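next one to model:
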Amino acid sequence: PPLPKNALAKINDFCKGLEFKVVYANDPITDHAAEVSVRCKGMVYHGLGRTKKMAKLDAAEKALRAM
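Got it, this is the predicted structure:
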């Protein structure tokens, strides 16, 4: 059987031409090591995580929830 898609795969199917940008990495002031933003259909969503990969996934999940 096919594997279930994660939020990144789903958002890539939904929004063509996604723009992911690293806002910061390893910010000593916050608990989060990375913040990534994604632009989808004119809206910008921000994700936080201990790694850039986790922050990117968080941004994708937030974008999906908003749609």
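
drop to CA atoms for contacts and neighbour counts, all remaining ones
Will do.

the top helix by length along the chain: how far from the chain's middle?
Of all the segments of type helix in the chain, defined by DSSP state H, the longest one is helix 52-66. Its chain's C-alpha centre lies 3 Å from the corresponding centre of helix 52-66 when counted by Cα atoms, centre = their mean, to the nearest Å.

return the set of buried residues in that helix.
Using 16 or more other Cα atoms under 10 Å as the burial criterion, the residues of helix 52-66 that qualify are 52, 54-64.

who are the packing partners of that helix?
Judged by 3 or more Cα pairs under 8 Å, 6 or more residues apart in numbering; DSSP states H and E, helix 52-66 is in contact with helix 7-14, strand 19-25, strand 34-40, strand 43-49.

pick the most buried one from these.
Using mean count of other Cα atoms under 10 Å, the stretch among the helices and strands packed on helix 52-66 with the greatest mean number of neighbours is strand 34-40 (a mean of 22).

so which elements touch it?
In this structure, strand 34-40 makes packing contacts with strand 19-25, strand 43-49, helix 52-66, judged by 3+ Cα pairs under 8 Å, 6+ apart.
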